[in-house]
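**Student:** Predicted structure and sequence below. I'll ask about it afterward.
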Amino acid sequence: MDILTSDRPEAAGSAAGLRAEIEKLPDGDLKRSVNALLHETGDSIVEVRKAVERWFNDSMDRVSGWYRRKTPLDDCGSRVFVTLLTNADTLRMANTLWREPTVRAQIVAQAESRAQQGLPEQRAETADRASVQKLMAGATN
């Protein structure tokens, strides 16, 4: 509601002022919806604001539900695509790791080494901190 009356603060306090601001909106779904909410709530600006909040929250709940339903399908599709693209034979990989303890040990060692290095951002931050410390040490000498 603040957007509708942002350049005319005096209109924010009255339903008539709000109606005048709504009429300035281009014809479309937003204008029809806000007009319907204003008509439904009467002349109470507080009730109009609450109705717009409910309308927004309901819309966001629908979008969130759609996103939750759609995302797993996209994730599954992207996993299948990457698997096919890289020609990854996950069953063979699992079988090799299960039956070859030396290969498994090498992969574990590599993973542990990588985990100790930290994320790229952390490595960069550590390097930056070391550079600053060297500069500070050189400046004090």
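**Tutor:** Received, thanks. Numbering: from 1, shown residues only.

**Student:** domain ranges for the protein?
**Tutor:** Using automatic domain parsing, the domain parsing of the chain gives 1-88, 89-141.

**Student:** where in this structure is pLDDT low?
**Tutor:** In the predicted model of the chain, residues 1-13, 120-141 satisfy pLDDT under 70.

**Student:** And the helices in it, which stretches?
**Tutor:** For the chain, the helices defined by DSSP state H cover 15-23, 29-41, 45-86, 90-99, 101-117, 120-140.

**Student:** and the domains of the chain as CSV, adding mean neighbour count?
**Tutor:** To be clear about C-beta, it is placed using only N, CA and C from the backbone, and glycine gets the same treatment. As requested, the domains of the chain are exported to CSV (neighbours: other CB atoms under 10 Å):
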stretch, mean neighbour count
domain 1-88, 12
domain 89-141, 10
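
**Student:** Please report the distance of Ser78 from Leu85.
**Tutor:** Using CB to CB, to the nearest Å, we find Ser78 at a distance of 10 Å from Leu85.

**Student:** One more: Ala15?
**Tutor:** Going from Ala15 to Leu85 by CB to CB gives 59 Å.

**Student:** Likewise for Arg69?
**Tutor:** In this view, Arg69 and Leu85 are 26 Å apart by CB to CB.

**Student:** just His39 next, same as before
**Tutor:** For His39, the distance to Leu85 - CB to CB - is 55 Å.

**Student:** what's the answer for Gly118, then?
**Tutor:** Gly118 sits 29 Å away from Leu85, taking CB to CB as the criterion.

**Student:** Kindly report the same for Val103.
**Tutor:** Counting by CB to CB, the gap between Val103 and Leu85 amounts to 24 Å.

**Student:** cool, Trp55 as well?
**Tutor:** The spacing between Trp55 and Leu85, counted by CB to CB, is 43 Å.
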